[in-house]
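Asker: Need coordinates for the following:
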Amino acid sequence: MKALYLLLFSAISIVGSAQIQLDSLLFACYPLDGNAGDSSGNANHGLASGPFATVDRFNNSNSAYFFDGADDWIQVGNVLSVPNQSAVTISMWIYPQLISGAINRNVSIQFGSKDVGQLTLRVQEENLPHFQANLVDAYANNTSFTRSDNSFDYDTWYHVVGVYTDNYVNLYVNGAQQNDSQNKGTGGKLSGVPSNAELNIGKLYVWNSPVSYHYFHGKLDDIKIYTRELSFAEITALYQNNYNCSGTITGISDEKDLNQNIQVFPNPVINNLQIAHSLSELPNLELFNVQGQIVMSRTNLMTNEYIDLSNLTNGVYTARFSNANGQSTKRIVVSH
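Answerer: Next comes the predicted model:
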C-alpha cells in the first residue's frame, strides 16, 4: 500500500508540475507585505486607506493586511474590463473576524457593485457565515453564485478561490471545490459587469442596505487575480505551497537558506521523521499545516533527531527550520 502511495504521489507531482503555470495571465498580485503594490509587473497598484501590516499565516511580521471593519479598504480603481475576459480567477488567503453588533457581510474583493453589476469573492454573514463567489448584473436580475458547503470559523486562515465564466461560477475553499445546494444557475455573465467597474478590496457599496458601505473585518493576504480559469491542479498548488508573484515556490521568508545543511527523511513519512544537520548553531523547528497553523514545534535540534508525527493527520506540511543565521523550509508529506 505504501509503495502504491509513493508511486501515485510521484506521478501526481510530475503531471501537476507540467500543468502549473501560476505566472500565466496573472493580471494583479498583492502580497500585502507592508503596502498595496501590485507585484505582477502590470502596475495595478492599490491605495490603502486604513489597513495596516500584520502577521501572516506563517506568523511572519508585516506580511498581511488587517482591516478594522469600520472604514479600512484598498482602492485599485478601473484597471480591468471584465466584459472583455473569457474567464477571471481570484485567489486569496482570508482570516475573517467578527464585529459585535456590526455588519460586514458581502465584503472581501469585488469589481463593481450590485446596482450596476458586480463580480465578487466575499464573506457573507446572513444566517451562518460562509464564503461566496458571485457574478450578477444590475440589481441582481441575473445571478450566478456558489456558496461554501459549510460555514467558516472566525479567527482562522482559509484559502478561497473564485472562478468566473459565462457558463458557471465555481468556488474552492482550502483546495476543495464547493458543491453547495445553493449554487444558482448560469444567469450571471461577465458582460453584466460594467467595463469601467472599479476593483475594491475590503469595501462594498450596497444599494439596499441600512448603511451605504460594508467593510471587511479581519486579515487578507496573497491576493492574485488572473484573466483565465485556473485548473484544479493550479488551485491545489496555490493552497499547498507558498507561491510568489513570479509563479515560483518560495520559503516562508527570504532569509539565508539553510537547506543544504538540513536533511529530512523518509519523505513521505509514516510516523517517525529523522532530521539530520551539520549546523554549529542548533536550529529550531516549526511545523505548519496547509492552513498555516503551527501543529508542532521543537527547539535546539541535535545533529540527528527523530520526531514522532504519528498524531498528525495525513497530508502536506511545511517544516520551517531557523537559527540565528537564517531559516529555510521543507515540504513534508505524512501518510500513515
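
Asker: nearest residue to the residue positioned nearest the centre of the chain other than its sequence neighbours?
Answerer: Geometric centre of the chain, nearest residue: Trp93, 3.0 Å, by Cα atoms, centre = their mean. Nearest residue to Trp93 in three dimensions, chain neighbours excluded: Asp221, at 4.3 Å (Cβ to Cβ, 6 or more residues apart in numbering). Any C-beta I mention is one placed from the backbone N, CA and C, and that applies to glycine too.

Asker: Three-state assignment for that neighbour, please.
Answerer: strand (DSSP: H, G, I helix; E, B strand; the rest coil).

Asker: contacting residues for it?
Answerer: 31-32, 56-57, 63-65, 92-95 (Cβ atoms under 8 Å, 6 or more residues apart in numbering).

Asker: So for it, what's the pLDDT?
Answerer: At Asp221, the model reports a pLDDT of 96.

Asker: cool, the one 4 residues further on as well?
Answerer: Model confidence at Ile225, expressed as pLDDT, equals 97.

Asker: Next secondary structure after the helix or strand harbouring it?
Answerer: When elements are assigned from DSSP states H and E, Ile225 belongs to strand 217-226. The C-terminal neighbour of strand 217-226 among helices and strands, as given by DSSP H and E, is helix 232-240.

Asker: Report the mean per-residue pLDDT for the next helix or strand after that next one.
Answerer: Using DSSP H and E, the helix or strand that directly follows helix 232-240 along the chain is strand 262-265. Across strand 262-265, pLDDT averages out at 87.

Asker: Using CSV, list the CA coordinates for whichever helix or strand comes after strand 262-265.
Answerer: Next helix or strand after strand 262-265 toward the C-terminus (DSSP H and E): strand 272-277. The C-alpha coordinates for strand 272-277 follow below in CSV (Å, rounded to 0.1, in the frame of the first residue of the first chain):
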residue,chain,number,x,y,z
ASN,A,272,8.9,9.0,12.7
LEU,A,273,10.7,11.7,10.8
GLN,A,274,14.5,11.8,11.0
ILE,A,275,16.2,15.2,10.9
ALA,A,276,20.0,15.4,10.4
HIS,A,277,22.0,18.6,10.1
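
Asker: The helix or strand just after strand 272-277 pairs with which strands, and in what direction?
Answerer: As assigned by DSSP H and E, the chain's next helix or strand after strand 272-277 is strand 284-288. Each strand paired with strand 284-288, and its direction, by DSSP bridges: strand 294-298 (antiparallel), strand 315-323 (antiparallel).
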